[in-house]
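In: Here is my input, please return the structure:
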Amino acid sequence: MEIRHFHYIRTIYEMGSISRAAEKLYISQPSLSQLLKSVEKKVGAPLFDRSLKPLRPTTIGQKYLETAQQIMELDTEFRRYVEDELGCAQGNLVVGSSPFRSTYFLAAFLPKFQAEYPGIRLQLAEHTSKRLEESVLSGDVDLIIATQPVDEDAFSFAELYSEEMVLVLPANHELSKKYHLPQDCHGTLPLLPIGLLKDTPFIQMHSEQKLHQQLLSLCAEAGFVPQIYLQTRSMETALTLASAGLGATLLPMTLLRAFQPETRPCYAALPTRPRRHALVAWRKKAYLSHAARAFIDLLVNYCRDKGDRV
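Out: Model (predicted):
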């Protein structure tokens, strides 16, 4: 069977319906239905239970998907090997990143990478932490910019830098006034225990982002469950909403130094000075092409040279 058939069947599984998969693949639903029937005829059994919504694979269908994934991974590794053999300064590379990292980190690094490796064609895949990790494990993405923790049984990684997590409060919040919190985060910030915010609503990041759990853990350590006013996938949105007076939020210093909303908030450090560590990660035991190794090496050296200025 053709590799593209594996990709089509996997998309049906991921989307849960033939119609939605057809939309994602930019092909007609009748064509995709016919392809599925053709594959099932060759296999000799249905791959999906069509009585369920969303579609679920049969036992044979599940084994087909697992086998197809292995074959696609082998095909990808072979193509990477050929690219390396034919030209070490060329190749294709798919890098996964959150929109935040793309804007405030990779945007500064990629021109340097392009200048040193103009023959490597780069593609960015942007999503949340959970989706990025799933993408690299499925083979859709070669490398991801992630944060700890990652599953060390599934991923290999190289550390890049760490960033302090900081509280952001509306300027008119009673604690901002009581503790004379600054509206500039570039100097030394006063310390504010997060427990003082137990009655303050929070702007929280989406559950697919690791910052979501970090806020819950810090509040749990302080003995309370935070009041969540709303959730967002955008750190810039969280900062802007906190600035507008809708609640407090927890954000990395990397963002706060790079993005300033029109209405200025106030900033405070936590007494425990929590940090999170950024990594470049890839699927364990995966074949790393020259393009991937060049990207990792240059990125690690770039972060080492920048130090705290990342």
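In: Next, the buried residues of the one helix or strand Thr240 maps to.
Out: Thr240 is part of helix 235-243, with elements assigned from DSSP states H and E. Using 16 or more other Cβ atoms under 10 Å as the test for burial, helix 235-243 gives Met235, Glu236, Ala238, Leu239, Thr240, Leu241, Ala242, Ser243. Just so you know, the C-beta spots here come from the backbone N, C-alpha and C atoms, and that holds for glycine as well.
In: So which elements touch it?
Out: Packing partners of helix 235-243 (3 or more Cβ pairs under 8 Å, 6 or more residues apart in numbering; DSSP states H and E): strand 155-169, strand 201-205, strand 227-232, strand 249-252, helix 253-258.
In: Listing partners with orientation, what would you give for the longest one?
Out: Spelled out, that is strand 155-169. strand 249-252 (antiparallel), strand 266-269 (antiparallel), strand 275-283 (antiparallel) (DSSP bridges).
In: Now that strand: buried residues?
Out: 155-157, 160-169.
In: Only alpha carbons, please: show stretch 302-310 as CSV.
Out: Taking C-alpha atoms only, stretch 302-310 is exported to CSV below (Å, rounded to 0.1, in the frame of the first residue of the first chain):
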residue,chain,number,x,y,z
TYR,A,302,23.1,30.6,20.5
CYS,A,303,21.4,30.2,23.9
ARG,A,304,24.7,29.7,25.7
ASP,A,305,26.1,32.9,24.2
LYS,A,306,23.0,34.9,25.0
GLY,A,307,22.8,33.7,28.6
ASP,A,308,20.1,35.6,30.6
ARG,A,309,19.4,37.8,27.6
VAL,A,310,17.4,35.1,25.8
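In: CSV please, covering the helices and strands packed on helix 235-243 and showing distance to Ser98 and mean pLDDT.
Out: Shown next, in CSV, are the helices and strands packed on helix 235-243 (distance: least, Cβ to Cβ, whole Å; pLDDT from 0 to 100):
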stretch, distance to Ser98, mean pLDDT
strand 155-169, 13, 96
strand 201-205, 10, 97
strand 227-232, 13, 96
strand 249-252, 11, 97
helix 253-258, 11, 92
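In: Generate TSV for those, with distance to Lys42 as supplementary columns.
Out: Output for the helices and strands packed on helix 235-243, formatted as TSV (distance: least, Cβ to Cβ, whole Å):
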stretch	distance to Lys42
strand 155-169	35
strand 201-205	45
strand 227-232	45
strand 249-252	51
helix 253-258	51
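In: Looking at the ones you listed, which is nearest to Ser289?
Out: strand 155-169 (14.3 Å; Cβ to Cβ).
In: so where's the stretch 1-150 of the chain shaky on pLDDT?
Out: Of all residues in the stretch 1-150 of the chain, those with pLDDT under 70 make up the ranges 1, 83-90.
In: before we move on, the earlier item: wait, which of the buried residues of helix 235-243 is closest to Trp282?
Out: Once Cβ to Cβ is applied, the member of these that ends up nearest Trp282 is Met235, at 24.5 Å.
In: So the closest one sits against Gln204, correct?
Out: No. Assessed by Cβ atoms under 8 Å, Met235 is found out of contact with Gln204, at 11.2 Å.
In: what do the two both touch?
Out: Shared contacts of Met235 and Gln204 (Cβ atoms under 8 Å, 6 or more residues apart in numbering): none.
In: any idea of the angle the helix holding Thr240 forms with strand 227-232?
Out: 140 degrees (axes from the mean of the first three to the mean of the last three Cα atoms, to 10 degrees).
In: Verify the stated contact: Glu126 with Ser98.
Out: Yes. If you go by Cβ under 8 Å, Glu126 and Ser98 touch, sitting 6.6 Å apart.
In: Among those two, which residue is more densely surrounded?
Out: More neighbours surround Ser98 than the other of Glu126 and Ser98, with 26 against 16 (other Cβ atoms under 10 Å).
In: quick one: contacts for that one?
Out: Neighbours of Ser98 in contact, by Cβ under 8 Å, 6+ apart: Glu126, His127, Thr128, Ser129, Leu132, Ile145, Gln209.
In: what's the second one sitting at in phi/psi?
Out: Here is the backbone geometry of His127 (degrees, to the nearest 10): phi -170, psi -170.
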